[in-house]
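> what follows is a predicted protein model with its sequence.
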Amino acid sequence: MDKLLLSLRNRILVPVVCMAGIVCWLALCSIHYQSYWLGTIAKVQTTDFNLLHHTLPTTLSAMIQEGRDDLIQKTLDSNYGLFGLVLTDPSGENVLYKTNKVYHRQSWQKFANAEGLAQGNEPYDLITDPPQLEPLFVHDSPRVEKARATGAKVRGKVLGRIYYMRSPPPPFAEDIGNFLLTGVAEMSGAKRGYFYISMMSIAFSLVVLLLVYLRRRGLELKQKEVEHVRRELEIRKKALEHLSNELATQKARKVWLEREADQAYRRAVGLKQNLERLRDALAGSMAANGASSANPNSSGVNMQPGRQPGVQSNFNAVTAPPPSSASNNLSNSAGQQVVSHVRIRPPVSPPSSILEEIEILIPDLSDNAKALRSQADILHDYCNSLEERQVEMKRIVEGAFNRTPQRTMPAQAPAPAEVIDMSPR
């Protein structure tokens, strides 16, 4: 049903609903037609005929005896032509009086003759002299159209017959045509029911159109929502596939990183061993440099009494700097055992502990490098002082040699002068 509503277009939906409304309208109008003409009007006429069976024969008998033809005609016209009243002679062949009024249309008038009267369903009453007080026919109920004979005896002379003619209902098409063409808004008779039915049918059609439109609108919104959810699911599916691929990539990268971490761990272990060897070498060199700085006269150079006081003061001022706290921890000048603060990484410790151990070694190495640099500067200054002293001593020796008197030697070849090597060893 929902698929049918979605497939229908307005150019098809509106005519279909209109046709359904017209069919419903015609069906309701037909029901109202039968209820009005074959129900209400027939019951009213049955009631009128039952009343006339009891009163009209005596009234007409009195008027005929008095010779009041004008009153007879007025009495027959008192029904306004809604149904027919026909007065004939005692044989029923000649029509003496009949209702002359017509209500909107002629209906029973064409049957107001001897042949039509003979074919009528309603029985006739007899007009007698003296008047018949007891009715000859009665209707047991308004729903019973056929009159029942009472069995009363006719007394007196028969003056004539009175016929009762029902007004046949108009055809359904004619009745609907009169409603549509002659006063749609007229609130009388069957038109009132047709008007209410028409309004109800129009309202019903509009409500059906509105409900169908709202239902189709709701289905379209749901369909759009379903499409949106479907697109969202497709997007999420693609995102899930992308995440799956990314997860596979990350797993592969994890394997690669684990392999690289293993290699880095082995390299870090090797670097740690190299750093420890470098630390031990630096500690040994610092111990040797400290011993040489503590005994500066152990170089084997004997100072002559003639050197200048300034040189002696400079030499005494050159001393080794105090060892740093890091170098004290690593080694001392007395040759004690080197104490190591480096922790050996156990095999089960995490890889990050290697970096921590390297970071612990870096400040010590930096301090050792600074100490070595300061000692190198001191040694450089000490070498410069030695070179200056060598030059000065050379100059003193040359001056002393020049002041020595020259002695003549016998016929021997002069002996070469002794050259003293004052270069630092």
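Now that the structure is in, tell me what you want to look at. Treat the numbers as computed from the prediction; the structure is a model and nothing was measured. Residues are numbered from 1 along each chain as shown.
> does the spatially closest residue to Tyr163 that is not a sequence neighbour count as helix, strand or coil?
By the measure of C-beta to C-beta, 6 or more residues apart in numbering, the closest residue to Tyr163 outside its immediate chain neighbours is Val86, 4.3 Å from it. Using the backbone N, CA and C atoms, a C-beta is placed for each residue, glycine as well. Using DSSP: H, G, I helix; E, B strand; the rest coil as the criterion, the local structure at Val86 reads strand.
> from what I can see Val86 touches Asn94, true?
No. With contact defined as C-beta atoms under 8 Å, Val86 does not reach Asn94; the gap is 10.8 Å.
> before we move on, which element is Asp140 in?
Mapping Asp140 onto the secondary structure by DSSP states H and E places it in no helix or strand at all.
> from Ser141, how far out is the closest residue in space to it that isn't next to it in sequence?
With C-beta to C-beta, 6+ apart as the criterion, Asp140 has its nearest non-adjacent residue at 6.0 Å, and that residue is Arg148. Applying C-beta to C-beta, to the nearest Å, the value for Arg148 to Ser141 is 10 Å.
> which residues touch the longest strand along the chain?
In the chain, taking DSSP state E as the definition, the longest strand is strand 157-165. When contacts are defined by C-beta atoms under 8 Å, 6 or more residues apart in numbering, strand 157-165 is touched by residues 49, 52, 56-57, 60-61, 64, 83-90, 92, 96, 108, 111-112, 116-117, 120, 122, 124-129.
> show me where the stretch 201-350 of the chain has its helices.
With helices called from DSSP state H, counting those that start in this stretch, the stretch 201-350 of the chain shows them at 309-317, 325-330.
> rank those helices by pLDDT, which is bottom?
Mean pLDDT per stretch puts helix 309-317 lowest among the helices of the stretch 201-350 of the chain, at a mean of 37.
> what about stretch 78-86, average pLDDT?
Per-residue pLDDT over stretch 78-86 has a mean of 87.
> how far does it stretch from start to finish?
With C-alpha to C-alpha, to the nearest Å applied, stretch 78-86 spans 13 Å between its terminal residues.
> distance between that stretch and the chain's centre?
75 Å (C-alpha atoms, centre = their mean, to the nearest Å).
> next, the buried residues of that stretch.
Within stretch 78-86, the residues scored as buried using 16 or more other C-beta atoms under 10 Å are 79, 81-86.
> pull the residues that contact it.
Residues external to stretch 78-86 that are found in contact with it (C-beta under 8 Å, 6+ apart): 45, 48-49, 52, 56, 75-76, 95, 97-103, 108-109, 111-112, 117, 162-167.
> which among these count as buried?
A residue is treated as buried here by neighbour count (16+ other C-beta under 10 Å); on that basis the buried members of the contacts of stretch 78-86 are 45, 48-49, 52, 56, 75-76, 97-99, 108-109, 111-112, 117, 162-167.
> got the angle between the host helix or strand of Leu76 and strand 84-88?
Using DSSP H and E, the element containing Leu76 is helix 69-76. Relative orientation of helix 69-76 with respect to strand 84-88: 150 degrees, computed using axes from the mean of the first three to the mean of the last three C-alpha atoms, to 10 degrees.
> what angle sits between helix 69-76 and strand 157-165?
30 degrees.
> now do helix 69-76: everything it contacts.
The list of residues contacting helix 69-76 from outside it, by C-beta under 8 Å, 6+ apart, reads 56, 59-60, 63-64, 85, 87, 97-100.
> now it: buried residues?
Applying a neighbour-count criterion of 16+ other C-beta under 10 Å, one finds 72-73, 75-76 buried in helix 69-76.
> which one is Phe179 nearest to, not counting chain neighbours?
Tyr194 (4.4 Å).
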